[in-house]
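Engineer: Pasting the sequence and the predicted coordinates here, then a few questions.
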Amino acid sequence: MTAEHRVHLSRAARPAYQALSAFSKTVGGIAAENGIDDRLKELVQIHASQLNGCAYCVRVHVERALAAGVTADDIAQLPVWRESGVFSDRERAGFELAEAYVYIHQDGIPDDVYNRVGGVLSEKEYVGLSWILVSINAFNRIAIAGRYSTPPRDDLVGEDKDAAAGAAW
């Protein structure tokens with residue numbers, strides 16, 4: 001295998017990718033049932049994808065965030081969320097949790113983060129958001145490992161249907 005040719009896991013093992021897609025749908029349902037609205041769900045997925053360096057997933061979730069009513073200004077403020085005044089306490093807790101999941105190899109979920117986030121989110125919200133973060137980190141790793149190209153915005157139409165069919169990328 002050469003560096004120029006990367007294995008695309010979503011194509012090479014479609015059943016596994018379809019299972020991950022189904023998992024993502026299940027997780028999204030659990031998150032919604034547990035009080036995680038689309039705005040928060042998309043913002044934390046963008047933030048995690050930015051931190052992981054996954055351009056493909058940033059593109060996908062920016063589109064979904066815009067459809068959920070998130071503004072371009074909100075998205076632009078994500079990298080500086082600690083200094084920005086545009087996010088709610090729930091969103092700020094979500095960003096902190098997203099960072100803990102991205103960097104989970106360093107300290108797990110540190111007690112201080114767990115306690116701060118738990119002081120804002122209910123246990124159900126914490127569970128729903130945590131599963132969203134597990135899911136997006138898995139997708140980020142697949143796209144980054146395969147160096148998947150970032151599609152033009154108009155190519156994202158039907159992305160969910162493609163993923164469910166194992167035909168993404």
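Structural biologist: Structure received. Numbers count the residues shown, from 1 in each chain.

Engineer: and R141, how many neighbours?
Structural biologist: 13 (other Cβ atoms under 10 Å). For every residue, glycine as well, the C-beta is placed using N, CA and C.

Engineer: Enumerate every residue touching it.
Structural biologist: By Cβ atoms under 8 Å, 6 or more residues apart in numbering, the contact set of R141 is N52.

Engineer: measure it to A68 for me?
Structural biologist: Going from R141 to A68 by Cβ to Cβ, to the nearest Å gives 24 Å.

Engineer: can you check G128 too?
Structural biologist: G128 sits 16 Å away from A68, going by Cβ to Cβ.

Engineer: any idea which helix or strand carries the residue positioned nearest the centre of the chain?
Structural biologist: The residue lying closest to the centre of the chain (Cα atoms, centre = their mean) is Q45, at 2.6 Å. Assigned by DSSP states H and E, Q45 belongs to helix 38-52.

Engineer: what's the average pLDDT for that helix?
Structural biologist: Averaging pLDDT along helix 38-52 yields 98.

Engineer: And for stretch 89-101?
Structural biologist: Here the average pLDDT along stretch 89-101 is 98.

Engineer: who's in contact with the helix holding Q45?
Structural biologist: Contacts of helix 38-52 (Cβ under 8 Å, 6+ apart): 28, 31-32, 57-58, 61-62, 64-65, 68-70, 74-75, 78-79, 81, 87, 90-91, 94-95, 97-99, 101-103, 129, 132-133, 136-137, 140-141, 144.

Engineer: Among those residues, which lie within helices?
Structural biologist: Using DSSP state H, the subset of the contacts of helix 38-52 located in helices is 28, 31-32, 57-58, 61-62, 64-65, 74-75, 90-91, 94-95, 97-99, 101-102, 129, 132-133, 136-137, 140-141, 144.

Engineer: Please, a ChimeraX command that selects the buried ones among those?
Structural biologist: Applying 16 or more other Cβ atoms under 10 Å to the ones in helices among the contacts of helix 38-52 leaves a buried subset, and the ChimeraX line that selects it is:
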select :28,31,57,58,61,62,64,65,74,75,90,91,94,95,97,98,99,101,102,129,132,133,136,137,140,144
